[in-house]
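**Student:** Okay, sequence plus prediction incoming.
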Amino acid sequence: MSQILAAIMQAIESPLFQSAFWTVVLAMATHIVSKLAAHAVGKLLHHDSNPLPTSSIIVNIVRAIIWVIGGSIILDSCFNVNTSSLVTALGVGGIAVSLGFQDTLSNLIGGLTVTLTGIVKPGDNIEVGGQTGVVQDVGWRHTTIRDALGQTIIIPNSVISTTSLSHLLPANRVVVPFAIPRAQLAEGERGAAIDELAGRIVTCARDAAAGVSPVMDGPRVFFSETTELGFKGKVVLQIEDVSKTALAADAVVRALARDLC
């Protein structure tokens, strides 16, 4: 028994065991610090006074910096590796590595560019490269958007930073055009009749959209054109659930068709 204990003590006191033990301890400490820092940065990014977008790329950069610092401490204290010399050696070979990871680096730089300049942030409704949708997140390599059908579309950051990009109206905004025949408005009372009709359209559109999703703003009626056949306009409103915008527009169109025709 004493020989077993002596062997265990000898193994514990060996430099290899000490290095492995402190490597595990420092790695766990680095992991805990990175989790806490990522959580803190995430809360700061979601604060109302924060000017930066709430993209995961910023959190990932903070996490990577902490792991680089933790790895340097482990190499220096546990394995006696001079990290400054290692950085110099990596700098010499960095040119070859960068050529091999050219696409990855261009996506990373593109993601940082669009994030820090605020060009794209989660919640934006954008159109880029023929794809339209609401931005879900900006990551290391790509930006994730969700279209009106609920499909997830992944676009490389380099494409967003080098392609013409359009910021569209909010994805939860419902815009429905309509036309009113002149025959539907009594002669001599068209001013009052059109105001009354606008009120009917507002009530009709609100009730129809609310049956799909709660209405956050509107409806508002705008008359845009007078023709020989009648009057043209549109009703505009915003609903709460972005994924039901198309269903709300369909409900409003059906309701207006029943009420106006």
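**Tutor:** That came in fine, so what should we check first? All of these numbers come straight from a predicted model, not from anything done at the bench.

**Student:** where's Phe223 relative to Phe231, distance?
**Tutor:** Per Cβ to Cβ, to the nearest Å, Phe223 is found 6 Å from Phe231. Yep, even glycine has a C-beta here, placed from its N, CA and C like the rest.

**Student:** so where do the strands sit in the stretch 1-150 of the chain?
**Tutor:** Here the stretch 1-150 of the chain has its strands, by DSSP state E, counting those that start in this stretch, at 125-128, 131-138, 142-146.

**Student:** Gln131 contacts Arg146, doesn't it?
**Tutor:** No. Contact criterion Cβ atoms under 8 Å: Gln131 and Arg146 do not qualify, at 10.6 Å.

**Student:** Need the overlap of contacts for those two.
**Tutor:** Listed as contacting both Gln131 and Arg146 by Cβ atoms under 8 Å, 6 or more residues apart in numbering are Ile153.

**Student:** coming back round to it: let's have the strands of the stretch 1-150 of the chain in JSON lines, adding distance to His39, mean pLDDT and mean neighbour count.
**Tutor:** Shown next, in JSON lines, are these (distance: least, Cβ to Cβ, whole Å; pLDDT from 0 to 100; neighbours: other Cβ atoms under 10 Å):
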{"stretch": "strand 125-128", "distance to His39": "28", "mean pLDDT": "86", "mean neighbour count": "18"}
{"stretch": "strand 131-138", "distance to His39": "17", "mean pLDDT": "85", "mean neighbour count": "20"}
{"stretch": "strand 142-146", "distance to His39": "21", "mean pLDDT": "87", "mean neighbour count": "21"}
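
**Student:** Ok, which of these comes nearest Ile58?
**Tutor:** strand 131-138 (8.9 Å; Cβ to Cβ).

**Student:** Just the residues contacting that closest one, thanks.
**Tutor:** Contacts for strand 131-138 (Cβ under 8 Å, 6+ apart): 53, 55-57, 111, 114-115, 120-126, 143-148, 151-153, 155, 157, 168, 171, 242.

**Student:** ok, of those residues, which come out buried?
**Tutor:** Neighbour counting by 16 or more other Cβ atoms under 10 Å classes 53, 55-57, 111, 114-115, 120-122, 124-126, 143-146, 148, 153, 155, 157, 171, 242 among the contacts of strand 131-138 as buried.

**Student:** buried residues in the biggest helix by length in the chain?
**Tutor:** Taking DSSP state H as the criterion, the chain has its longest helix at helix 15-45. Residues of helix 15-45 classed as buried under the neighbour-count rule (16+ other Cβ under 10 Å) are Leu26, Thr30, Ser34, Ala38, Val41, Leu45.

**Student:** separation between Ala64 and Ser164?
**Tutor:** 31 Å.

**Student:** Out of the buried residues of helix 15-45, which one has the lowest pLDDT?
**Tutor:** Lowest pLDDT of these: Leu45, 68.

**Student:** would you list the strands of the stretch 1-150 of the chain in TSV and tack on distance to Leu256?
**Tutor:** Below are the strands of the stretch 1-150 of the chain laid out as TSV (distance: least, Cβ to Cβ, whole Å):
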stretch	distance to Leu256
strand 125-128	24
strand 131-138	25
strand 142-146	28
